[in-house]
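J.: no FASTA, just this:
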């Protein structure tokens, strides 16, 4: 699998699928136990210093110093990367302006809101001008308005710096809106890799949702046997039916329900979205356990464009 320079690439997967572990391997925090990965041409196992110089990371958990101001956090980061004072001051102005925190630069971070802290962490990750920026669930727990604002900043930094961005998220709409390509990971394996549009198109047709609790197995079997039906799944108190022409199929569906004495409370129709793709590939269960055994070897390359 290759990720091109300037690409905004998404990683999706259930809890425990291996997303954060993969980010940790690519950012040299965890040594790989199997497989091969290079970042900007540098092997993550053998050339760790070279990899660290060309990446930035925004972690899931907060990593700012609350007792320092926003500007002091950035200045400290710049010193760690050996950026000279003049360049450091200029870049601090640039990144604070990008994330709209210029007016709060002298305030202690402990006075910042959650959204402001995430924006400052993104600014810090950009200060040393990384070629690749890892964003590990950057909008987790934020309100919808703040999430949208973070989205805009992510797109702005991609356009402004041409940075390659690797994004992990549990928000399907976030991945759909931001990412040019997405890899879905489950049990440590990549089970799908494509554009959001192609993934949604692969489900095909229209998605019918029927409000019905504990549908009769024979009713479900009958629906599955219809040639036009691509997929049927039972989800809690509803039945999901993917069919080529949903509007014309609804009367037949109701007729089948009548024949099987299946009480349908409501019917809705829509196009498949990325969440439907995700559930179709990974199931509905939420898993919190760590991955104990590695899956198939994954070869990952984050590469520069040829000049």
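T.: That came in fine, so what should we check first? For clarity, every value in this text was computed on a predicted model and none was experimentally measured. Residues are numbered from 1 along each chain as shown.
J.: was I right to think residue 32 contacts residue 22?
T.: No. Look at residue 32 against residue 22 with CB atoms under 8 Å: they stay out of range, at 9.5 Å. (C-beta placed from N, C-alpha, C; glycine too.)
J.: more crowded one of the two?
T.: Neighbours were counted for residue 32 and for residue 22 using other CB atoms under 10 Å; residue 22 has more, 26 against 20.
J.: can I take it that the more buried one is in a strand?
T.: No. Under DSSP: H, G, I helix; E, B strand; the rest coil, residue 22 falls outside any strand and is assigned helix.
J.: okay but it is in contact with residue 13, surely?
T.: No. If you go by CB under 8 Å, residue 22 and residue 13 don't touch, sitting 9.1 Å apart.
J.: tell me how far residue 35 lies from residue 257.
T.: Distance, residue 35 to residue 257, by CB to CB, to the nearest Å: 49 Å.
J.: look at the two and report which has more neighbours.
T.: The neighbour comparison of residue 35 against residue 257 (other CB under 10 Å) goes to residue 257, with 21 against 17.
J.: roughly how far does the residue nearest to that one when sequence neighbours are not counted sit from residue 206?
T.: Once flanking residues are discounted, residue 257 sits nearest to residue 264: 5.1 Å by CB to CB, 6 or more residues apart in numbering. Computed with CB to CB, the distance linking residue 264 and residue 206 is 17 Å.
J.: also residue 184?
T.: From residue 184 to residue 206 the distance is 22 Å (CB to CB).
J.: tell me which of those two has more neighbours.
T.: Per other CB under 10 Å, whichever of residue 184 and residue 206 has more neighbours is residue 184, with 24 against 20.
J.: that one belongs to a helix?
T.: No. Assessed with three-state DSSP, residue 184 is strand; it does not lie in a helix.
J.: give the contact list for the closest residue to it other than its chain neighbours.
T.: Excluding its sequence neighbours, the residue lying closest to residue 184 (CB to CB, 6+ apart) is residue 192, at 4.2 Å. Applying CB atoms under 8 Å, 6 or more residues apart in numbering, we find residue 192 in contact with 182, 183, 184, 199, 277, 281.
J.: tell me the two of those residues that are most distant?
T.: Farthest-apart pair in these is 183 and 277; separation 12.3 Å (CB to CB).
J.: residue 158 touches residue 8, doesn't it?
T.: Yes. Using CB under 8 Å, residue 158 is in contact with residue 8, at 5.6 Å.
J.: shared neighbours, those two?
T.: Residues touching both residue 158 and residue 8 (CB under 8 Å, 6+ apart): residue 165.
J.: same list, the contacts of residue 192, but as a markdown table with pLDDT please.
T.: Below are those laid out as a markdown table (pLDDT from 0 to 100):
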| residue | pLDDT |
| --- | --- |
| 182 | 95 |
| 183 | 95 |
| 184 | 93 |
| 199 | 92 |
| 277 | 88 |
| 281 | 85 |
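J.: list the buried residues for the longest helix along the chain?
T.: Longest helix in the chain, counting residues (DSSP state H): helix 144-161. Neighbour counts over helix 144-161 (16 or more other CB atoms under 10 Å) mark 146, 147, 149, 150, 151, 153, 154, 157, 158, 161 as buried.
J.: helix/strand/coil for the closest residue in space to residue 77 that isn't next to it in sequence?
T.: The spatially closest residue to residue 77, leaving aside those adjacent along the chain, is residue 124, at 5.0 Å (CB to CB, 6+ apart). Look at residue 124: counting by three-state DSSP, its state is helix.
J.: mind starting the numbering at 2 from now?
T.: All set: I'll call the first residue 2, so the last point we hit is now residue 125.
J.: show me what contacts residue 125?
T.: 57, 59, 65, 74, 75, 78, 96 are the contacts of residue 125 under CB under 8 Å, 6+ apart.
J.: coming back round to it: what residues are shared contacts of residue 23 and residue 14?
T.: Shared contacts of residue 23 and residue 14, counting by CB under 8 Å, 6+ apart, come down to residue 186.
J.: tell me the SS of the residue nearest to residue 212 when sequence neighbours are not counted?
T.: What sits nearest to residue 212 in space, not counting adjacent residues and going by CB to CB, 6+ apart, is residue 266, at 3.6 Å. On the three-state scheme (three-state DSSP), residue 266 is labelled coil.
J.: my guess is residue 266 meets residue 213, correct?
T.: Yes. Contact criterion CB under 8 Å: residue 266 and residue 213 qualify, at 6.7 Å.
J.: neighbour count winner among the two?
T.: Using other CB under 10 Å as the criterion, residue 266 and residue 213 rank with residue 213 on top: 20 against 10.
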